[in-house]
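Peer 1: model the structure of this input:
(one chain, ligands or ions: 1)
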Amino acid sequence: MTAPRGAPAAEVIDGTAAAREVYARLKARVTALAASNVRPGLAAILVGDNAASKIYLRNKVRACDETGVRSDVRYLPADSPQDEVLATLDELNRDPNVHGVLLQLPLPSHLDAVRILQAVSPAKDVDGLTWASLGALVAGQPSFEPCTPAGVVALLERAGVGMDGSHAVVVGRSAIVGKPMALMLMARGATVTICHSRTRGLADHARRADILVAAAGRPRLITAEMVKPGAAVIDVGINRLPDGKLAGDVDFAGVRNVAGWITPVPGGVGPMTVAMVIVNTVRAAEMRLAGSAA
Ligand code: NDP
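Peer 2: Down below sits the predicted model:
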């Protein structure tokens, strides 16, 4: 079901512009912290030399520079033993100048990623991926929210897409994106359907969505026929095509004629994911300061 010729195209939600706004607001908070002699610090560990990981990390360091947050990146060789990664993590967990710690994923396959991730101090878990953070999210308690779904929520809010009372469909059920996304939409009043690779009739589910979040890692999985006219379509997917180009999970050219809002890839959820890491780092610094003053 494509919109008739001449139908207005969806509003394209600009994640880069949204991230810039977030940074402008964060600068004021960083300045306020400086008055108490606190400079927020983000530390990241990169194991190996995955090209995409290096780019993601570089974007986080740039975002730190832009907002006045200190960054400290530890590059470890690809064959680093588990103990060495854990020792580096322990050092950063203890460092008083570090407020947020993250592991750039994926880790090389010889490492136990689950165990290493769980060694991040919950007070510094700015990626929101420890079980303490995810458990708090399930329980509806304040926590560091995982950055990609937090970025999606921020984009929806900025675009004025109402979540309360909406029907949201999330395609993907990973612990990093799909599941926390569903919980966060539910917490904001949406009725949520979660789809995954075993779902029958994906198109039928998708067509009922007021808000459709695609996080499957399958290029152009979501086509115009699967979208309800006027829906907000948020594309989390980042897929490298054989010709080297990047594509999301949504067929942007077709879907933009049907949807009410749509995010591009690149330039949609990606920049806001980075922005949320910095938001969480500044928040971690503010929380520590408030705790030490209490
Ligand atoms: P995972 O591979 O961990 O999870 C993918 C999910 O999609 C799984 O739940 C899988 O189902 C489901 N799925 C796969 N194929 C289909 C299909 N044909 N129909 C319905 N569901 C399907 O990926 P992530 O959650 O980590 O990431 C998802 C995408 O988002 C990737 O492209 C990733 O690169 C991107 N990403 C983007 C970020 C950003 O900043 N923009 C950040 C993080 C991720 P099942 O569970 O049954 O296998």
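
Peer 1: spell out which parts of the stretch 51-200 of the chain neighbour the ligand.
Peer 2: Within the stretch 51-200 of the chain, the positions adjacent to the ligand are 148, 171-174, 176-178, 195-199 by Cβ under 6 Å from any ligand atom. C-beta: built from backbone N, CA, C; applies to glycine.

Peer 1: give me the PyMOL select line for those, limited to the buried ones.
Peer 2: The buried subset of those, as determined by 16 or more other Cβ atoms under 10 Å, is captured in PyMOL by this line:
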select buried, resi 148+171+172+173+174+176+177+178+195
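
Peer 1: where along this protein do the helices fall?
Peer 2: 15-34, 51-67, 82-94, 113-118, 131-139, 147-159, 178-187, 202-207, 252-255, 269-293 (DSSP state H).

Peer 1: so which of these gets nearest residue 232?
Peer 2: Closest to residue 232 of these, according to Cβ to Cβ: helix 147-159, at 6.4 Å.

Peer 1: leaving out chain neighbours, which residue sits closest to the most centrally placed residue in the chain?
Peer 2: By Cα atoms, centre = their mean, the chain has its centre lying nearest to residue 148, at 1.2 Å. If the residues on either side of it in the chain are set aside, residue 148 comes closest to residue 273, at 4.7 Å by Cβ to Cβ, 6 or more residues apart in numbering.

Peer 1: cool, residue 97 as well?
Peer 2: Nearest non-adjacent residue to residue 97, counting by Cβ to Cβ, 6+ apart: residue 41, 4.9 Å away.

Peer 1: okay, now the one you found: neighbour count?
Peer 2: Around residue 41 there are 22 other residues, counting by other Cβ atoms under 10 Å.

Peer 1: quick revisit: export the helices of the chain to JSON lines and tack on mean pLDDT?
Peer 2: Converted to JSON lines, the helices of the chain look like this (pLDDT from 0 to 100):
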{"stretch": "helix 15-34", "mean pLDDT": "98"}
{"stretch": "helix 51-67", "mean pLDDT": "96"}
{"stretch": "helix 82-94", "mean pLDDT": "98"}
{"stretch": "helix 113-118", "mean pLDDT": "96"}
{"stretch": "helix 131-139", "mean pLDDT": "97"}
{"stretch": "helix 147-159", "mean pLDDT": "98"}
{"stretch": "helix 178-187", "mean pLDDT": "98"}
{"stretch": "helix 202-207", "mean pLDDT": "98"}
{"stretch": "helix 252-255", "mean pLDDT": "98"}
{"stretch": "helix 269-293", "mean pLDDT": "96"}
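
Peer 1: out of those helices, which one sits most buried?
Peer 2: Among the helices of the chain, the stretch with the highest mean neighbour count (mean count of other Cβ atoms under 10 Å) is helix 147-159, at a mean of 23.

Peer 1: contact partners for residue 31?
Peer 2: residue 68 (Cβ atoms under 8 Å, 6 or more residues apart in numbering).
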